[in-house]
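> Below are the sequence and a predicted model; questions follow.
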Amino acid sequence: MLQLDFKDAASDHSASLGPAQTFKFSRSVVCDESRGHVLATYRSDQWEIEGSLYTGFQCSRPSRIYFEDSTGRRSYGCGPFAGIVVTRGALHIGHQLFAHYQNRTQLWHCYALSSDWPVMVLKATTAAEAYAAA
């Protein structure tokens, strides 16, 4: 199961979302895919959760990432990854910039795929898969 741990760089304020098997980042919102509920909204380089603002989040659980277009067609799965960090819309795997949310177009640009997508999906995987791929 995945958990997203949000932090505010200017304070000690934090929040967590999850656990969930899959988080779906659809344009400027993140949802627990199994429930379909909007959990957070991204605007002006910050995530809003229940009225509080956060500059980024991390997920230290093993996961895979894939992208979807507006018809639901999926990219191939990337990963598995031992963890991800997202700060101001920039998603890093270790020290490598993997994807970036573009406010102007409301699309995720994936550098590994050299393409833009309206949906990014973060899906739980096993620790053995993630560490074997590292």
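That came in fine, so what should we check first?

> For the rest of this, base every contact and every neighbour count on C-alpha atoms.
Fine.

> Report how many residues lie close to Ser70.
Summarising burial for Ser70: neighbours were counted as other Cα atoms under 10 Å, giving 10.

> how near is it to Pro118?
Computed with Cα to Cα, to the nearest Å, the distance linking Ser70 and Pro118 is 7 Å.

> swap in Asp12?
When Asp12 is compared with Pro118 (using Cα to Cα), they lie 31 Å apart.

> So for these two, which residue has more residues nearby?
Neighbour count, other Cα under 10 Å: between Asp12 and Pro118, Pro118 has more, with 20 against 7.

> Quick check, the more buried one in contact with Tyr66.
No. Pro118 lies out of contact with Tyr66 (Cα atoms under 8 Å); the separation is 11.4 Å.

> which residues sit against the host helix or strand of Pro19?
In this structure, Pro19 is located in strand 14-20 according to DSSP states H and E. Contacts with strand 14-20, where a contact means Cα atoms under 8 Å, 6 or more residues apart in numbering, come from 1-8, 32, 34, 39, 49, 54.

> count of neighbours near Thr87?
By the criterion of other Cα under 10 Å, Thr87 has 20 neighbours.
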